[in-house]
Structures are given as C-alpha cells and as structure tokens.
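1. Return a 3D structure for these sequence lines:
(one chain, ligands or ions: 1)
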Amino acid sequence: MKFDTKAIHGGQKPEETTGAVMPPVFLTSTFAQSSPGTHKGYAYARGTNPTRTALEKSFTALENGTHGFAFSSGMAAIDCVLRLLKPGDEIIAGDDLYGGTYRMFTQLFQKYGLIFSFVDMDLVSNISEKITEKTKLVWLETPTNPLMKIADIKAISSAIKTKNTDIIIAVDNTFATPYLQQPLNLGADIVMHSATKYLGGHSDLIMGALIVKDAKLAEDLYFIQFAAGAIASPMDSFLALRGIKTLHVRMQRHCENGKQIADFLSNHIKVDRVYYPGLKSHSSYEIAKKQMKDFGGMVSFQLKDNSKTATFKFLENTKLFTLAESLGGVESLVNHPVTMSHGSIPEEKRLKIGITNSLVRLSVGIEDIADLIEDLDQALHF
Ligand SMILES: *Cc1c(COP(=O)(O)O)cnc(C)c1O
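-> Here you go, the predicted structure:
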C-alpha cells in the first residue's frame, strides 16, 4: 500500500461482530474469560484494548514498523524508552530538543544515574566522538524545535551501527510525521511521536506513540508500557485514528502554506531571520531535501527588533494565529519559545543555541494562505 492508502486502511479491518467501519470505542476495563486464562485476546485493558490495538496497528503501518504502542502522552512514550536503560548507561542527545524532553532527561532521569550528553547533530562526527562502550541510546529530533535543524538520520545511524550495533537509535518524528520521513527506513530502531500534534491533528487530545521493527525491542517496550501503565485511553485512541485518516491531505496543505509563509517572512522588513528547512538559505536545506518528502508546516523567525516589547506586541497582535502552546493542528498557532515551550531551558544555554528573546515559532495551519499572510502582515505593523 502507498502512504495515502495506509493512512486510511493501514492495519484496519471492519469490526468483527458488527462490521463497523470505524472501531468502536471500547470503554471497558476488563474482558470476560470462559475459563481461567482463556479469552479472546483481551484480558485487562491496561494490557490491551481493541480501540488502542487498532490505533497501534495504524501507527505501525504508517512508520513501516512491526509493532506500535500508544501512550497517554508524548512524554510517557519517551519515559518508556528511557526505562530500557539502567544506571551508568550513557545517552547522546541533540542540543536543540523539545523543552519537555530536555527537562525529563536532566531533571528526572539524571538523578537515577543515567548520563546524558547533548551535541549539535549537524555533524555526524559530533556524535561518533561521544560514543563509549557505555553508550546505549542516541536520541534524535529532526527537524528540531524551534530552530528546524536537520539531523541526517541515515548518516548518523550508519556511523553509530558501524561502531556498535547494540546502541539504540531513537528519533522523535513529531515535527516531520511519517508523511514526510520514516526513520525506521533510514536506520533508526525506535520512532517516537507526540501524537498530540500532527497525527491527531485537531488539537483535541494528548497522546504519544512508539514504533519499532524489532521483536525483542517490541517485547521490552510492551513490558514497560504494561508494567508502568501510561497507556492511551480508548476515546483518545479513537480520535487519533480518526485524525490519521486525513494526515496526508492535511500535511500537503501544511507544507504548501508553510513554504509560502517562510517566503513571505524572508522578504519582510521587520524580520531578521527565518528558520524553515525548505529555504535554500537554511543551513541543512540539502539534507532536508534528500531526507524529507516536503518541508512541513513549522516556521520559526526572529524579529529585527530583539526587544521583549516588540516581540510581545507582535504576539498580541495576531488574530488568526492563536497564541498557544502546541502545534500540528488544523488551526494556525503562534508560540514564544522563551516564555512558553522552552521556558525550562536555562537562559545561557538557549542563547548559545540561538533561542533569542524575539524568536517566534509558527505552527502553520491549513486555513487559506491569503488570510494567514494578511494576519502576519498586520501583526508586524508595530
Ligand atoms: C509536544 C512534543 C513532545 C511531548 O509530547 P506531549 O504529547 O506533549 O507529551 C515531544 N516532542 C516534541 C517534538 C513535541 O513537539
């Protein structure tokens, strides 16, 4: 099946008892057994629930994996991956991570003895240099948030695997979605999503996903998911599955609109710098072009006036772009990383990597492009 067909039919079949085309929302905690241990594949809903199973099969199909897992949040999915490790294990991660991921690594797992190093993923050698015999996990995010840096998944994976095949390579694929890139095909072992964003696509749920292509890894992750219990609910599973059915159509429009907004901002007198992987001026344009089907709907930019007053004026001025956390929904959102999504990163560190006071991040929605541009244009009159 091609991707667009998989988005609708991947891993799905009509429900067995009634033929319902969409899986019912199985709001049940437990399932009848005819004799101890004899049941229809479902025993207790923390372990498995048919609505969640349908969604997990959809995740698996989209990412070209063999097993998928749905969690109560993106963070719960990341938490599950880190629980594969033990004290003393080393993790190499990108230096431009989602703020919550950075917070989880440094404020939760560091105190359990995991050792993190953060490197610029632009150069494969930055990662190779950090590998020791204790390295167990490499955590990539690409494009990164909010600076849209691109890590070359294929080059990084092959460089790591030639050193040590036991190192797990995990990719947070939230920004790209499987429509734009499929990390398992490029050598990664685990794909992670905040399904809260593009997969769900309608800003109406919080959810995480993990997809793998290795049976042993799947078994280990399933054990943690079941034992720790951070599962996605049946209702949220239903909503995510419904959202996924239009993923490819939504992504096409997100990409078209994103590109036009990046061009508009690049030519605007009040704008200093635009971060969008589809711009030829972007430092990783060539890798993005090779690795991704298109360039996505996330655009960041920096105002020429770097004052807090100017930035806040712009953020208060937008009418269609709603000032809010999150991304990936059909509606356009604007975010101020310094005060919102990246508030948990120390000032010195964020300035060093380029998250300045006037950096603004747009999640470009699928509204009419003329209305979106008009809104940004009027908001930039301050
Ligand atoms: C939102 C987000 C997360 C966290 O996911 P939640 O669903 O909010 O728990 C992780 N990574 C990226 C890139 C995100 O955008």
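2. residues touching the residue in the chain positioned nearest to the ligand, list them.
-> Residue nearest to the ligand within the chain: Gly74 (2.2 Å; Cβ to the nearest ligand atom). Any C-beta I mention is one placed from the backbone N, CA and C, and that applies to glycine too. When contacts are counted by Cβ atoms under 8 Å, 6 or more residues apart in numbering, Gly74 touches 100, 174, 192-197, 206-208.
3. what's the closest residue to Pro24 other than its chain neighbours in contact with, if anything?
-> Among residues not flanking Pro24 along the chain, Glu15 sits closest, at 6.1 Å (Cβ to Cβ, 6 or more residues apart in numbering). Glu15 sits next to 23-24, 50 when contact means Cβ under 8 Å, 6+ apart.
4. Local confidence estimate at Glu15?
-> Listed pLDDT for Glu15 reads 92.
5. how close does it get to Ser158?
-> Per Cβ to Cβ, to the nearest Å, Glu15 is found 42 Å from Ser158.
6. quick one: which of the contacts of Glu15 sit in helices?
-> Members of the contacts of Glu15 lying in helices (criterion: DSSP state H): Pro50.
7. Mark which of the contacts of Glu15 are buried, thanks.
-> 23, 50 (16 or more other Cβ atoms under 10 Å).
8. of the contacts of Glu15, closest to His9?
-> Among the contacts of Glu15, Pro23 lies closest to His9 (Cβ to Cβ), at 12.8 Å.
9. can you pull the contacts of the closest one?
-> Here Pro23 is in contact with 12, 15, 50-51, 54, 238, 241 (criterion: Cβ under 8 Å, 6+ apart).
10. Tell me the residues of the chain that contact the ligand?
-> Contacts of the chain with the ligand, taken as Cβ under 6 Å from any ligand atom, map to 73-75, 98, 100-101, 141, 145, 172, 174-175, 194, 196-197, 206, 208.
11. Keep only those of the contacts of Pro23 that are in helices.
-> 50-51, 54, 238, 241.
12. before we move on, back to that, a markdown table for the contacts of Gly74, including distance to Ala310?
-> Output for the contacts of Gly74, formatted as a markdown table (distance: Cβ to Cβ, whole Å):
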| residue | distance to Ala310 |
| --- | --- |
| Gly100 | 28 |
| Thr174 | 30 |
| Met192 | 36 |
| His193 | 35 |
| Ser194 | 30 |
| Ala195 | 35 |
| Thr196 | 31 |
| Lys197 | 28 |
| Ile206 | 33 |
| Met207 | 36 |
| Gly208 | 36 |
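13. Make a markdown table from those residues and add pLDDT, distance to Phe3 and secondary structure to it.
-> What follows is the contacts of Gly74, written out as a markdown table (pLDDT from 0 to 100; distance: Cβ to Cβ, whole Å; DSSP: H, G, I helix; E, B strand; the rest coil):
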| residue | pLDDT | distance to Phe3 | secondary structure |
| --- | --- | --- | --- |
| Gly100 | 91 | 28 | helix |
| Thr174 | 98 | 17 | coil |
| Met192 | 98 | 19 | strand |
| His193 | 98 | 15 | strand |
| Ser194 | 98 | 20 | strand |
| Ala195 | 98 | 17 | coil |
| Thr196 | 98 | 21 | coil |
| Lys197 | 98 | 18 | coil |
| Ile206 | 98 | 25 | coil |
| Met207 | 98 | 21 | coil |
| Gly208 | 98 | 22 | strand |
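14. pLDDT on the biggest helix by length in the chain, on average?
-> When the chain is scanned for its longest helix (criterion: DSSP H), the result is helix 247-266. Computed over helix 247-266, the mean pLDDT rounds to 98.
15. Spatially central, which residue of the protein would that be?
-> Centroid check for the chain by Cα atoms, centre = their mean gives Thr174 as the closest residue, at 1.5 Å.
16. Now do the strands in the stretch 201-350 of the chain.
-> Ranges of strands within the stretch 201-350 of the chain are 208-212, 271-275, 298-303, 322-323, 333-335, based on DSSP state E, counting those that start in this stretch.
17. Compute the inter-axis angle for the third one and strand 271-275.
-> With axes from the mean of the first three to the mean of the last three Cα atoms, to 10 degrees applied, the angle from strand 298-303 to strand 271-275 works out at 150 degrees.
18. Alright, that wraps it up for me.
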